[in-house]
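Asker: Sequence first, then the predicted structure:
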Number of protein chains: 2
Amino acid sequence: MKTSIIIIGNEILNGRTRDANGHYLSKWLKENGFQNLQMVVVPDHHEAVQEALTSAWNKSDLVITTGGLGPTLDDMTKDILANFFNAKIKECENARKLTTQHYQRIKRTWDPELNHYHMIPEGFEAIENPAGLAPGLLKSKDNKLLLCAPGVPRELQAMAGQLWTKILKKYFPQNNSQRIESITLRTKGIHEEKMFSMMPELWDEMKKYGSPSSLPQIMGIDLVITIDSDKNQHKEQYLEQFKAYIDKSLLAPYVWQWGDEPLPSYVLKKAREKSLTIGLAESCTGGLLGKQITDVPGCSDVFIGSVVSYHNNAKISLLGVPSETLEHYGAVSSETAQAMAKGVFNILHCNLGFSITGIAGPGGGTEEKPVGTVHMAVATKNGTIEKPFKFQFYGERTLLRSRFAHQALFLILEAIEEY
Amino acid sequence: MKTSIIIIGNEILNGRTRDANGHYLSKWLKENGFQNLQMVVVPDHHEAVQEALTSAWNKSDLVITTGGLGPTLDDMTKDILANFFNAKIKECENARKLTTQHYQRIKRTWDPELNHYHMIPEGFEAIENPAGLAPGLLKSKDNKLLLCAPGVPRELQAMAGQLWTKILKKYFPQNNSQRIESITLRTKGIHEEKMFSMMPELWDEMKKYGSPSSLPQIMGIDLVITIDSDKNQHKEQYLEQFKAYIDKSLLAPYVWQWGDEPLPSYVLKKAREKSLTIGLAESCTGGLLGKQITDVPGCSDVFIGSVVSYHNNAKISLLGVPSETLEHYGAVSSETAQAMAKGVFNILHCNLGFSITGIAGPGGGTEEKPVGTVHMAVATKNGTIEKPFKFQFYGERTLLRSRFAHQALFLILEAIEEY
C-alpha cells in the first residue's frame, strides 16, 4: 500500500516552524504496514497544493495532507480539495455535530460564523478531532483514500492514533498483517568506513535477509535490515542467523543493542534489571541528561534526581565540591568531575552517582581545554570514584551537548553492566 | 530566486530518522533571500530521485539535494546525478585533493578503494566538506545551480554556512540585498479564534504590509507579516505603524514580544537587563527547563543552576522541603512548590528562585490531581514566596512537559518584569 504525504504550510518552508508531522506519520505508516513513498512540503498556495495532490493521487493508494484546516484566511485546504475533486463546499451535518462536541469538550460555545468548520467539500466525510476544534476530512474514490488533518502536531497525532488506524483497517482490509519488519543492530565506537573495510562481506551478508542500510547516528552506526514484506514470518529466524554471524565477527565488541530502543530507555531498563538507582550532577549539559532520562515514562524507580550546578557556587553549595579543587584544577577537570560524582552519590543516596562537566562553547575554551572538552565520573558504593573519563568532541553548542549526554548515557550503561 | 530541496533517504521515509536538514535549509535560504518553493523527501531509489530532480530543476533557479553521498552501497546520488545530466562518473583531481585533506584533518589516511570519494560526475565541481569526509558537489547549467551535500546534518550545516553562502553570492549576484524581511508579534493567553473575532479587521490590517500568517505555537499565537521583497526598505516604517495600531488595540495585553527571539533567550535578556540571577527547582520537567535555558550560549551570568528533585527524597535532602509538607499536601501541591522555590532561593543565593512540580503522566494522575496538573512558585528577596500558581494542561507526556516549561518561562518573565 503506497502512501504520499503532503505537508501544507508557508511557515515550514520559510524556516519559522520545524515540521513534526512528517516524522510522526512516517513512523505511524510503518507501524501500520504502509509504504511511505514520498513526503512533500508545499506552500499555502492553490497551484502548488494542486500539483502535489495530482502527483500524489496518481501514484498512491493513500494520500495524507496536513495543514490548512484552521480558522484563518490562509487556511485554504478545503477550497483546494473541493476544486481538485470538482466538488462544492457544502454544509455537513456531521461536521456541525462534531464541531459542537469539540467546543463542548473545552467548555466553549461554537460560533459557526468564526470558522465555517461545518462547511466541507461535497462527498467528503468529517472526522472527529480528539485534540482540537477543526474536524479532519476523509474522501474515498477509485479504491484510493485521502485523509486530511490540521497541521497542529498534537491534533494530527491524536487523530491518526485514535481514529485513522481503524479507518485504514476498514478501507484496506487486504493490508492486514503486512507490518514492515526490520532487524536493527546498534553500534558505538566504530565509524562506518572502518566497519565495512574490516568486514567487506557485511553488506552482502545483510542483503541475505532484506534491504540493508547503514545509518550514522549522533554517536555510532545503526545497521538496519528491512525484511521484504512477503518474508515477515521469517523475522525471528533471520535475526538468529544474523546475530550468530555478528557474534563471531570483528563487530561484536562494538554492538550495544540488538533492537530499536532509544538509549535513555535502554539505560533505564538495564538499571531496573539490577534494581539500581541513578543520580546525576550536571554542569555543561544544564539539565539535558536529566531531561532525556525523564522523557521516558515510569523512570522514577531508577532516576532520583539531577543537580544542575551550572555556576561554580552551585557546585560548592549543592555538591560540596571543595573550592580549592575548583581553584586549583578548574571546573572542567577530572578532579572536579570526581568530586561532583561523589557529592551527588552522597547527597542522593543512589547506587550510581554520575557527573559531567565540560565546555559546550561557543565561549569558554582555552588552548589547554578547548571547546568540546568534557570530563565525566562515576561514583558507586563505598563512596569510591572508580573511573574518571575525559573526552574531546567537536561541533557547535547544540551538537556538543547532545554528544556529551549521549556519551554520558553510554558510560552509565557500562557502569550498570559492571555493577 | 526559487529553490527546491530534495532530501534523499529511506531512513526518513520509514520514520527511523527525523530529518533536520529541511528545517536548517529553510532558515538558511530565508536568510540568504531565496524563496523555498518546496521540499520533497524521496527514497534512495533511482526513479524517485530522478523524478524529483526533473520537477525541481524545471521550476527552480537553485536545487539542493541532501543525502546519498556516503561510502555505503545505498549511497547512489552520484550515479543518479550522472544519469540526469547525461555525464560519466570520472576521477576528479580536486575531489581527490579535498578528500585527502578531510582525512588529514581527523588524522586518518584515506584509502580511495573504500569510498570512491574522488569519483564524481563529469562537469561537476567538488566542494570542501568542513565537518566530514565526503566532498559536496556543485553543477551549474543554464543559469541554474545544483548543490549537493551529504545527509549528516552537521556536515550539511557546515558546508552551507561556511561555503554555500559565498557560492550563492557568486552565482546569483543579482540576488543581493533581497533578504526576506518580516514583522513578528508574539502573544500568549489568547486563542486564535478569539483574537480574530474580537478584532475582525486584524487580518486586513496585517495585509497592508505584506503576507499575513497566524501561527499557533505550543503556548500562544505568533502573528507574522512577510514583507514583499520590493518593499524591504519600508520595514521599520511598517513596524512602527503596525505597532501603533496593536498598542491601541484589544490585543495589546496579550503581546509578550515584538520580534523573533526564542522564549528562553528573551527571558535571559530581560533578566540581564536587571542584573538578576535565576535558580530552578524542577521535578516533573526533569531538567528540561534548565536545558532550555542553557541551550542559550552565554547564559551563565543569569543562570546559577537547577535542582532536579525527581524523587521525594531529593526534595527533602536537596531543597529542604519538610517531609510533613510532602506527606500532608503531596509532591504536587502549592505548598510543596513554595517550599521548593524557597529552598532553591536559599541554597543558590539567586535573585529569583523558581519551582515547578506536576504530573506529566502517563501514570500518576488521580481524580483530584489529574495528569497535566502543575504547581509553580517564585521566591524572591526576604525569602518570601510571592506567588503560588496552579495550572491544568492537557496532552501526552512530551507535550505536557513542553507546556509546563513554556508556562514556567512565561512566569519567570513576569517575575523579572515585576522585580
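Answerer: Everything's here; your move. Numbers count the residues shown, from 1 in each chain, chains lettered A, B, ... in the order given.
Asker: Please name every helix or strand in contact with the host helix or strand of A:T65.
Answerer: Following DSSP states H and E, one finds A:T65 within strand A:62-66. In terms of contacts (3 or more C-beta pairs under 8 Å, 6 or more residues apart in numbering or on different chains; DSSP states H and E), strand A:62-66 is packed against strand A:2-8, helix A:21-31, helix A:46-59, strand A:144-149. Where C-beta positions appear, they are placed from N, C-alpha and C, glycine not excepted.
Asker: nearest to chain B, of those?
Answerer: helix A:21-31 (3.3 Å; C-beta to the nearest C-beta).
Asker: Just give the strands next to the helix or strand following that closest one in its sheet, each with its orientation.
Answerer: Moving toward the C-terminus from helix A:21-31, the next helix or strand (DSSP H and E) is strand A:35-42. Here strand A:35-42 is paired, per DSSP bridges, with strand A:2-8 (parallel), strand B:35-42 (antiparallel).
Asker: what is the mean pLDDT for strand A:35-42?
Answerer: What strand A:35-42 shows for mean pLDDT is 96.
Asker: now the angle between strand A:62-66 and it, please.
Answerer: For strand A:35-42 against strand A:62-66, the angle by axes from the mean of the first three to the mean of the last three C-alpha atoms, to 10 degrees is 30 degrees.
Asker: what does strand A:35-42 rub up against?
Answerer: A:1-9, A:12-13, A:19, A:22, A:25-26, A:29-30, A:48-49, A:51-52, A:56, A:59-60, A:180, B:12-15, B:22, B:38-43, B:48, B:52 (C-beta atoms under 8 Å, 6 or more residues apart in numbering or on different chains).
Asker: Compute the first-to-last residue distance for stretch A:324-342.
Answerer: Stretch A:324-342 has an end-to-end distance of 16 Å (criterion: C-alpha to C-alpha, to the nearest Å).
Asker: count of residues packed around A:N351?
Answerer: Using other C-beta atoms under 10 Å in any protein chain shown, A:N351 has 21 neighbouring residues.
Asker: sorry, that was for A:E128
Answerer: For A:E128, using other C-beta under 10 Å, the count is 18.
Asker: and if you look at A:K207?
Answerer: 12.
Asker: buried residues in stretch A:103-122?
Answerer: Buried positions in stretch A:103-122, judged by neighbour count with 16 or more other C-beta atoms under 10 Å in any protein chain shown: A:103, A:110, A:115-121.
Asker: which of those residues are close to chain B?
Answerer: A:N115 (C-beta under 8 Å from any C-beta of the partner chain).
Asker: Inside strands: which ones of the buried residues of stretch A:103-122?
Answerer: Taking DSSP state E as the definition of strands, the buried residues of stretch A:103-122 contribute A:119-121.
Asker: what's the closest of those residues to chain B?
Answerer: Once C-beta to the nearest C-beta is applied, the member of these that ends up nearest chain B is A:M119, at 15.5 Å.
Asker: Residue ranges in the stretch 1-150 of chain A under the pLDDT threshold?
Answerer: Applying pLDDT under 70 to the stretch 1-150 of chain A flags no residue at all.
Asker: where does it come near chain B, residue by residue?
Answerer: Proximity of the stretch 1-150 of chain A to chain B, by C-beta under 8 Å from any C-beta, involves residues A:10-19, A:22-23, A:25-30, A:36-44, A:48, A:52, A:70-74, A:111, A:114-115, A:131, A:133.
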